[in-house]
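Novice: Return atomic coordinates for the entry below.
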Amino acid sequence: MNLTRQTFRNLLCLFLSLIFCIGMLSACSKRPDPLAKTGIHSVTLDKKDRICVEVTVDARTLEEHGGETLRLYELLPGEGVGSVSSKEPLDEKKVDSAVSFRVPLTDGDRTRLYSSFAVFFEDGTALEPHASYIENPEVLATEKNTFTWQNSPKALAPDDVEHALELGVMHAVVDVSLAMLVSAEDQTSLSEPYLKALDAEVAEAAEAGMQVTLRILPDQAISNALGVTVIDTLGERYADKVSAHWIGASGVTLSAADAAYLCRISKLALSSRMAGARVYLEAPKNSAVDTKAFFSDVMIALDNGGAFEWGAVLAPSTEKGLMSPDDLSELGTFVMKNATAGHASRLAVTLPAFDAEDEELQAVKLAYAYRLSLAAGAGLILYPSHFEDENGLCALLGEQRLAAETFAALDTGLTDEFEALCVSFVGERWNDLKTPAQISRRRLVGISNVGTDGMSRAPLFDFSEGDTLGFTGVCAMDPPVTRESAAWGRQVLYTWLDPSASRFGGVRRVLDDGAALSGASSLTVHLLTQAQATDTCTAVLTMEGTTVEGIRLSYKTDVSIVNGEWQTVTFQIGGFSADLDPNRPCVISVTVAPDSDTQEPYVLWIKGLDVRRPDTGTSPILPAVLILGGAILSFAAFFAIYIATTKKRRR
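Specialist: This next block holds a predicted model:
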């Protein structure tokens with residue numbers, strides 16, 4: 001009993017000692033930190049409707065301003081720290097080594113997302129000479145972007161999305177001209193006709209599964225306030241389609257401060273709607289020295305307002321031609337590994353458009369510049385000219401050049417013949433630029449046949465409920481719809497196709513992830529084509545995905561089908577599904593084309609798409625029957641042996 005009481009007293013003393021120590025630690029924590037940096041430590045959204053501004057004050061400043069109050073001010077877009085003299089503070093608190101302010105994200109109908117925040121002492125002294133912005137806008141995001149094709153660097157400003165896909169491009173860069181977007185009448189509103197044209201470009205690329213980047217061209221000077229309106233409108237309008245903003249360098253030359261501001265506003269606009277969205281900033285096309293100076297000033301501006309992840313865009317061309325590998329790599333290292341906290345976290349390159357007068361030389365220059373960019377660490381490489389007579393990958397009317405074939409093979413491997421051609425033009429420098437990163441896509445060619453293999457299948461897409469299930473048209477006259485099929489007595493997918501837009505047309509679906517195809521050995525499509533003046537058509541299945549390692553997978557196979565008859569086509573996709581990362585998006589396209597030369601619209605009907613997996617290829621009844629039959633036979637054999645043995649003993 002005494003032992004129990006003694007133990008209780010010991011525990012009580014220990015508990016009271018801990019309480020005392022915790023109190024002392026708490027008191028000690030409030031003492032000024034002599035190493036604390038005076039200023040705004042962070043501006044974050046701690047909830048979706050509240051902004052938290054954390055302030056730290058060093059010991060010396062605390063001693064100078066002891067007993068005073070700190071005042072938090074909001075600066076609207078375009079306002080500087082000097083404007084606080086005419087403002088009322090949002091909040092004020094007693095000076096301490098650590099002070100927290102909490103303010104609502106909205107002020108009535110107005111959001112404070114694009115505002116910056118400054119803190120002053122009551123005597124009018126600024127806590128620090130610059131304002132700070134919200135650092136974690138992704139808290140507000142409703143969309144998620146995984147940047148599926150981040151290991152596939154080829155980018156194009158596509159004049160024809162379907163042709164760009166054939167070239168293996170999954171990054172579409174769509175230009176936005178401020179001169180055309182901002183209304184010429186009042187310079188304060190946006191042109192709705194231009195936005196509608198932009199809608200069509202963005203939707204076509206996004207529905208093809210491409211990652212879309214808006215390249216905002218500052219070809220007209222606008223105020224910071226109007227810049228916020230423009231970028232917020234683009235962010236809201238394409239919240240589920242655009243993955244990145246690229247602040248271009250075409251037209252008006254932006255100062256480093258203005259460029260950094262647009263970059264920050266783009267980050268806020270995009271990330272508050274799509275988690276994982278990216279922003280890029282392009283330097284004016286000057287010398288390497290000027291580029292370094294520009295980005296140095298940008299880094300300081302970004303660091304002052306609160307650093308965030310962004311990408312630097314370099315142009316490897318100078319007045320004398322392309323930079324040397326060492327110069328471009330050194331420039332890339334400078335912007336990505338600078339000591340300033342506002343340094344870039346990724347690198348993109350915009351290539352020059354090479355003259356097509358000599359097609360071989362154009363193709364070699366393109367291949368060399370691409371490898372040069374990879375060696376410098378570029379994760380996005382843009383060729384700016386698609387269909388253009390002087391320097392496009394193709395001529396204006398569509399004639400494909402050697403440069404287009406080269407562009408298609410840049411990420412899968414060039415032929416030995418072309419490699420030799422490059423050496424003849426470039427010399428041994430060509431071989432010095434070889435890196436493992438140049439192979440970032442694997443092309444798979446499947447096999448297919450009309451009919452099924454007789455094995456059981458599981459529905460992947462069934463249109464019988466009258467739903468298009470997210471399928472979009474490929475070179476279609478109108479979006480796909482569902483209609484009653486007289487042959488099947490149920491709803492099927494129905495699409496009018498336009499051969500004047502492209503020889504092949506059909507339907508496409510972008511899957512959020514590849515889990516539905518995981519482990520599948522084949523995919524079956526039940527379809528019907530109705531085209532004039534042809535007996536047969538060609539049906540094509542194409543798929544895009546990525547491996548777990550991030551390598552792009554491109555699958556394609558085709559089969560000849562009879563026009564005017566319902567048929568079942570089986571595509572063997574085991575090689576694709578075996579390597580596919582089931583957690584990343586993938587794209588499925590089913591297209592057809594009449595085998596005769598016709599410009600008449602035609603119809604594609606699809607009943608459904610099914611998949612077969614090894615575990616669904618055999619009925620579960622059969623193993624049970626075999627097991628039961630084996631058990632019966634074993635019993636019969638045992639019984640027969642027993643009877644025979646018994647009779648022998650009786651004799």
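Novice: quick one: average confidence on stretch 41-59?
Specialist: Rounded to a whole number, the mean pLDDT of stretch 41-59 is 91.
Novice: Am I right that C263 falls within a helix?
Specialist: Yes - counting by DSSP: H, G, I helix; E, B strand; the rest coil, C263 is part of a helix.
Novice: Please, which helix or strand holds the nearest residue to it once chain neighbours are set aside?
Specialist: Once its chain neighbours are removed from consideration, C263 has its nearest residue in L281; the separation is 4.7 Å (Cβ to Cβ, 6 or more residues apart in numbering). Every residue, glycine included, has its C-beta placed from N, CA and C. When secondary structure is defined by DSSP states H and E, L281 falls within strand 278-282.
Novice: hmm, back to that, relative to S116, how far out is the residue nearest to C263?
Specialist: Between L281 and S116 the distance is 19 Å, computed by Cβ to Cβ, to the nearest Å.
Novice: Between the two, tell me which one has more neighbours.
Specialist: More neighbours sit around L281 than around the other of L281 and S116, counting by other Cβ atoms under 10 Å; the figures are 28 against 24.
Novice: How much space separates the more buried one from V364?
Specialist: With the distance defined as Cβ to Cβ, L281 ends up 30 Å from V364.
Novice: go on, E419?
Specialist: The gap separating E419 from V364 is 10 Å, by Cβ to Cβ.
Novice: Run the chain-centre distance for stretch 265-279.
Specialist: Its chain's average C-alpha position is 11 Å from that of stretch 265-279, according to Cα atoms, centre = their mean, to the nearest Å.
Novice: what about D123, neighbour count?
Specialist: Using other Cβ under 10 Å as the criterion, D123 is surrounded by 8 other residues.
Novice: Setting aside sequence neighbours, what's the nearest residue to it?
Specialist: For D123, the spatially nearest residue (Cβ to Cβ, 6+ apart) is E68, at 6.8 Å.
Novice: Quick check: pLDDT value at that neighbour.
Specialist: Per the predicted model, pLDDT is 90 at E68.
Novice: Over to L396?
Specialist: pLDDT recorded at L396 is 92.
Novice: cool, and I19?
Specialist: Per the predicted model, pLDDT is 63 at I19.
Novice: ok, now A157?
Specialist: According to the per-residue confidence, A157 scores 95 in pLDDT.
Novice: again, but for K647
Specialist: K647 is assigned a pLDDT of 56 by the prediction.
Novice: For D199, give me its contacts.
Specialist: Counting by Cβ atoms under 8 Å, 6 or more residues apart in numbering, D199 touches R237.
Novice: quick one, phi/psi of it?
Specialist: For D199, the backbone dihedrals (degrees, to the nearest 10) come out as phi -50, psi -50.
Novice: go on, I588?
Specialist: phi -120, psi 130.
Novice: just V161 next, same as before
Specialist: Backbone torsions for V161, taken as degrees, to the nearest 10, come to phi -60, psi -40.
Novice: hang on, it packs against E204?
Specialist: Yes - V161 is in contact with E204 according to Cβ atoms under 8 Å; the separation is 5.1 Å.
Novice: How about stretch 283-293, which residues are buried there?
Specialist: Residues of stretch 283-293 classed as buried by neighbour count (16 or more other Cβ atoms under 10 Å): A283, K285, A288, T291, K292.
Novice: Quickly name whichever of those is closest to F121.
Specialist: K292 (37.5 Å; Cβ to Cβ).
Novice: those helices in the stretch 351-500 of the chain, which residues are they?
Specialist: Remark: helices of the stretch 351-500 of the chain, listed N- to C-terminal, are 359-375, 402-409, 416-426, 429-432; assignment by DSSP state H, counting those that start in this stretch.
Novice: would JSON lines of the ones you listed with mean neighbour count and mean pLDDT be doable?
Specialist: Written out in JSON lines, the entries for the helices of the stretch 351-500 of the chain read as follows (neighbours: other Cβ atoms under 10 Å; pLDDT from 0 to 100):
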{"stretch": "helix 359-375", "mean neighbour count": "21", "mean pLDDT": "95"}
{"stretch": "helix 402-409", "mean neighbour count": "21", "mean pLDDT": "96"}
{"stretch": "helix 416-426", "mean neighbour count": "14", "mean pLDDT": "95"}
{"stretch": "helix 429-432", "mean neighbour count": "14", "mean pLDDT": "90"}
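Novice: Adding distance to G321, write those out as JSON lines.
Specialist: Rendered in JSON lines, the data for the helices of the stretch 351-500 of the chain read as follows (distance: least, Cβ to Cβ, whole Å):
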{"stretch": "helix 359-375", "distance to G321": "9"}
{"stretch": "helix 402-409", "distance to G321": "18"}
{"stretch": "helix 416-426", "distance to G321": "12"}
{"stretch": "helix 429-432", "distance to G321": "13"}
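Novice: what's the closest of those helices to E92?
Specialist: Of all the helices of the stretch 351-500 of the chain, helix 359-375 sits nearest to E92, with 51.8 Å by Cβ to Cβ.
Novice: where does the stretch 201-350 of the chain have low pLDDT?
Specialist: Applying pLDDT under 70 to the stretch 201-350 of the chain flags the ranges 251-252.
Novice: That one: helices as residue ranges?
Specialist: With DSSP H, counting those that start in this stretch, the ranges of helices along the stretch 201-350 of the chain come out as 224-237, 256-271, 288-305, 325-336.
Novice: Pick the most deeply packed of the ones you listed.
Specialist: Mean neighbour count (mean count of other Cβ atoms under 10 Å) peaks for helix 256-271 among these, with a mean of 23.
Novice: And that helix, how far out from the chain middle?
Specialist: With Cα atoms, centre = their mean as the basis, helix 256-271 stands 18 Å off its chain's centre.
Novice: Isn't the residue nearest to C263 up against V313?
Specialist: Yes - under the criterion of Cβ under 8 Å, L281 is in contact with V313, at a separation of 6.4 Å.
Novice: who touches both of these two?
Specialist: When contacts are counted by Cβ under 8 Å, 6+ apart, the set common to L281 and V313 consists of W246.
Novice: residue contacts, F418?
Specialist: F418 sits in contact with A363, A367, T406, A409, where contact means Cβ under 8 Å, 6+ apart.
Novice: same question, V57
Specialist: Contacts were defined as Cβ under 8 Å, 6+ apart; by that measure V57 touches P32, A36, T38, H65, L70, V95, D96, S97, A98, V99, L127.
Novice: Can you add neighbour count and give these back as TSV?
Specialist: As requested, those are arranged in TSV below (neighbours: other Cβ atoms under 10 Å):
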residue	neighbour count
P32	17
A36	16
T38	18
H65	18
L70	21
V95	19
D96	15
S97	18
A98	14
V99	21
L127	21
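Novice: Just give me the closest of these to R441.
Specialist: The nearest member of these to R441, counting by Cβ to Cβ, is A36 at 50.4 Å.
Novice: wait, what's in contact with Y194?
Specialist: For Y194, the contact set (Cβ under 8 Å, 6+ apart) comprises S177, M180, L181.
Novice: With T591 instead?
Specialist: V474, F504, G505, G506, V507, A539, V540, T542.
Novice: What helix or strand is the fifth one located in?
Specialist: When elements are defined using DSSP H and E, V507 is found to belong to strand 505-511.
Novice: following the helix or strand where F117 lies, which helix or strand shows up next?
Specialist: Following DSSP H and E, one finds F117 within strand 116-121. The first helix or strand that comes after strand 116-121 along the chain, using DSSP H and E, is strand 143-144.
Novice: Just name whatever secondary elements that next one is in contact with.
Specialist: Contact partners of strand 143-144 among helices and strands, from 3 or more Cβ pairs under 8 Å, 6 or more residues apart in numbering; DSSP states H and E: strand 274-275.
Novice: What strands flank the helix or strand just after the strand holding V507, and is each parallel or antiparallel?
Specialist: Next helix or strand after strand 505-511 toward the C-terminus (DSSP H and E): strand 522-530. With DSSP bridges as the test, strand 522-530 is paired with strand 567-572 (antiparallel), strand 602-612 (antiparallel).
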